[in-house]
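In: sequence first, predicted model second:
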Amino acid sequence: MNPRNAIVHEDLIEILTATGQFGKAHEAYQEMFRRKLETDAVHVFMYSVAALEDGTKEMNRQAAWFEDKPPFQHEVLSEEADAEAYAGHLDRARELTNRAVRSALRADKNAQAAGWELNSAWREDLFGNPQEAHEQALQALAIAPESREDEAVAALLLARTRDSARASATVKDIGGSSRGVAKDHKPAENEHLPEC
């Protein structure tokens with residue numbers, strides 16, 4: 001592991017968080033901080049850790065890092081929405097999702113904006129609100145019609161909300177666009193994997 005590669009540290013923190021090893025995630029975060037490898041992603045991950053540990057003070061501290069960084073604010077707003085939904089505050093989660101989507105659009109991050117809509121659509125579906133989930137899936141497709149990843153997630157949501165015609169059409173669209181991309185894609189000179 002290259003100790004100067006922030007992505008490797010971010011991935012470690014994400015894995016430790018996903019496996020419930022919060023103490024080790026904190027240690028990895030401190031190591032990044034010591035190495036001056038601070039990134040937006042690590043603050044998102046540590047916000048999630050704090051939310052899972054019911055650490056309101058730490059959640060606020062991590063969210064504060066984004067206050068003077070408008071291009072990245074949508075990331076923490078979406079995490080805040082997830083935390084509110086987890087606590088049962090669906091209206092507040094919706095409000096934060098709307099802010100996250102608007103923030104991502106202002107930062108010209110349309111695929112991320114669509115991703116936040118889709119994340120919220122899953123939430124609505126899980127809360128038993130299929131009509132809201134359906135509307136958000138369609139909104140995501142309108143925001144980022146060229147994002148195959150978002151199209152795939154939207155197709156699943158459309159199928160779950162019983163709109164099989166649109167789900168099938170979206171899947172066909174993905175299939176048609178992926179064949180063209182695979183055939184015509186030529187890697188850029190600087191396209192490579194990060195050093196590990």
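Out: Perfect, thanks for sending it. Residues are numbered from 1 along each chain as shown.

In: kindly state the domain boundaries assigned to this structure.
Out: According to automatic domain parsing, the chain comprises the domains 1-65, 67-184.

In: what's the offset of the longest one from the middle of its chain?
Out: Averaging C-alpha coordinates over domain 67-184 and over its chain gives two centres that are 9 Å apart (C-alpha atoms, centre = their mean, to the nearest Å).

In: ditto for the shortest one
Out: For domain 1-65, the distance from its own C-alpha centre to the chain's C-alpha centre is 16 Å (C-alpha atoms, centre = their mean).

In: pLDDT of that domain, averaged?
Out: Here domain 1-65 scores 92 as its mean pLDDT.

In: quick check: residue 58 touching residue 46?
Out: Yes. If you go by C-beta atoms under 8 Å, residue 58 and residue 46 touch, sitting 7.4 Å apart. For the C-beta atoms, the positions are set from N, CA and C on the backbone; glycine is no exception.

In: show me what contacts residue 58?
Out: 46, 49-50 (C-beta atoms under 8 Å, 6 or more residues apart in numbering).

In: and stretch 9-28, how far apart are its ends?
Out: Distance between the two ends of stretch 9-28: 7 Å, counting by C-alpha to C-alpha, to the nearest Å.

In: who's in contact with that stretch?
Out: Contact partners of stretch 9-28, identified using C-beta under 8 Å, 6+ apart, comprise 29, 31-32, 35, 37, 39, 41-42, 45-46, 48-49, 52-53.

In: list the buried residues in that stretch.
Out: Neighbour-count burial for stretch 9-28 flags 9-14, 16-17, 22, 25-26, 28 (criterion: 16 or more other C-beta atoms under 10 Å).
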